[in-house]
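In: Requesting a structural model of the entry that follows:
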Amino acid sequence: MRILLLTPPLTQLNTPYPATAYLTGFLRSLGYDAEQADLGIETALAVFSRAGLDRVFEAIRSRAGAWPEPVEAILLRADAYLDTIDPVIGFLQGRDPSLATRIAAGGFLPEGPRLAAREDDRWAFGTLGAADRARHLASLYLDDLTDLIASTVDPFWGLSRYGEHIASSAASFDPLAKALEAPPGLVARLLDEIVARRARGPRPDLVGLTVPFPGNLYGALRAAAALRRAWPGVPIVLGGGYVNTELRGLAEPRLFDYVDYVALDAGERPLLCLLDLVAGLLEAGAIDWTGLIQVERRDTLPPRLRDRLVLRGEERQVIVLRPGEAGAPREILLTQDDVRQLQLAKGAIASGIAMMQHVAGVAADRIGELMLAGGFGNYLSIASAVRIGLIPDLGPGRVRYVGNAASLGAQLCLVSEAERRRAEAIARRVEHVSLATHPDFQDVFVACMNFPHS
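Out: The predicted structure follows:
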């Protein structure tokens, strides 16, 4: 089976999003013919090239009327931008580090509004910081070109997002549908060309598109539409962090004009499934409170479970799925070592919570609320987490999901001085507890490795 995994425009170019690379490695380990590509990087390199900028300047000049002064200023220096864009990209990619000295010295880069308006920043980099300063100046140079493109030939273009504003709220699909049906901007046409070239390659059996952020959604659906035209009948799957959160409750049939499936709860899902599986086996008595798989007591288990506990050599195993069950291509096992590794991981988290309670002198019945944050915490089964002892059993209503709390806190601090002062006051009251050096930690950790008695 041939699988193609794609990252659409646009994530941070200097930190490529790793989801498709990880999934490709995982699928290859299972014997699948998997390939991955970052359409965002390919699109950015197409835009920020001599040929790409030539098309940008040609498109701008072909439109009648006067342009704002910042646009006219860059157009006057168009030749300088054409002459420098390929060397600058080569420098930022690490292919020509020797260019740092010329960029940092000044005079090499044409100066658009952002580059010209910068303050004297030499103090920030010091005498040995030529490379870092050159990267900073080159980034401002690209920012000027990005502003030019967004204000003239493609309003959706941005260095770390593409059409983000039309996907920032999933309450309605209308803005996305309108944007996708409208005549494409220049960057959208470049993306279409890149997808068309890729579609001339081997036809896959499945295409996956990851959408980690709202700035990827427009590019993902645009790429999906082009792939569907090129490869009719090939299933297209949409997944990723943004899909799991903002699109989770979107009941919009028009989405399936572009993709065939929406995959939810990917990424951390294998670990979440493991927690649920072990919690269920504990409840059934197939694993005892020490974590031992109860092969010797399998005759006391329900008939559908007893023949799944096996001893192969010296290894205790639970047969989770046999080949063909639930589409499993091969046997899927839970081994005794898997259980021990889970105990180590959950013991580290549970002991951290227990140590905080111990140091603060706060019993479980005095904890008002436990908040589960982040992508992993947001999809954790509270019942399973309590059953394996990952979190304390506080009773109903005292554990809740809060999602991306770090992002929300940062937003509050940016827009509210009162919230920023409150955060600073809380930070001053925080007491750091070093687990490794605390005399009671080892005993607490060992105790937390066990599962709670039912």
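
In: And for residue 182, the neighbour number?
Out: A total of 9 residues lie near residue 182 under the criterion other C-beta atoms under 10 Å. In this view, the C-beta of every residue, glycine as well, is placed from N, C-alpha and C.

In: give me every residue that touches it.
Out: Listed by C-beta atoms under 8 Å, 6 or more residues apart in numbering, residue 182 has no contact partners.

In: which stretches of the stretch 101-250 of the chain form helices?
Out: Counting by DSSP state H, counting those that start in this stretch, the stretch 101-250 of the chain has these helices, from start to end: 113-116, 122-125, 130-152, 174-181, 186-199, 217-230, 241-245.

In: Ok, which of these comes nearest residue 331?
Out: Relative to residue 331, the nearest member of the helices of the stretch 101-250 of the chain by C-beta to C-beta is helix 241-245, separated by 28.9 Å.

In: next helix or strand past that closest one?
Out: Using DSSP states H and E, the helix or strand that directly follows helix 241-245 along the chain is strand 261-262.

In: ok, that following strand: who's next to it in the sheet?
Out: When pairs are called by DSSP bridges, strand 261-262 turns out to pair with strand 236-239 (parallel).

In: ok now the strand it pairs with, how far from the chain's centre?
Out: 15 Å (C-alpha atoms, centre = their mean, to the nearest Å).

In: residues in contact with that strand?
Out: Against strand 236-239 from outside (C-beta under 8 Å, 6+ apart): 206-211, 220, 224, 227-228, 255, 258-264, 266.

In: re earlier: what's the most buried one of the helices of the stretch 101-250 of the chain?
Out: Highest mean neighbour count of the helices of the stretch 101-250 of the chain: helix 217-230, a mean of 22 (counted as mean count of other C-beta atoms under 10 Å).

In: now the angle between helix 174-181 and that helix, please.
Out: Computed by axes from the mean of the first three to the mean of the last three C-alpha atoms, to 10 degrees, the angle separating helix 217-230 from helix 174-181 equals 50 degrees.

In: what's the angle between helix 217-230 and helix 186-199?
Out: Using the same axes, to 10 degrees: helix 217-230 against helix 186-199 is 40 degrees.

In: Please state the offset of helix 217-230 from the chain centre?
Out: 20 Å.

In: what mean pLDDT does that helix have?
Out: On average, the pLDDT along helix 217-230 is 92.

In: list the buried ones in the longest helix along the chain?
Out: The residue-count maximum for a helix in the chain (DSSP state H) belongs to helix 336-360. For helix 336-360, a neighbour-count test (16 or more other C-beta atoms under 10 Å) marks 336, 338-339, 342-343, 346-347, 350-355, 357-358 as buried.

In: which regions of this structure lie under the pLDDT threshold?
Out: Scanning the chain for pLDDT under 70 picks out 11-16, 30, 119-129, 159-171, 245-246, 248-251, 265-272, 375-376, 454.

In: Quick one: residues contacting the residue in the chain sticking out farthest from the centre.
Out: No residue in the chain sits farther from the centre than residue 299, which is 45.0 Å out by C-alpha atoms, centre = their mean. Counting by C-beta under 8 Å, 6+ apart, residue 299 makes contact with residue 306.
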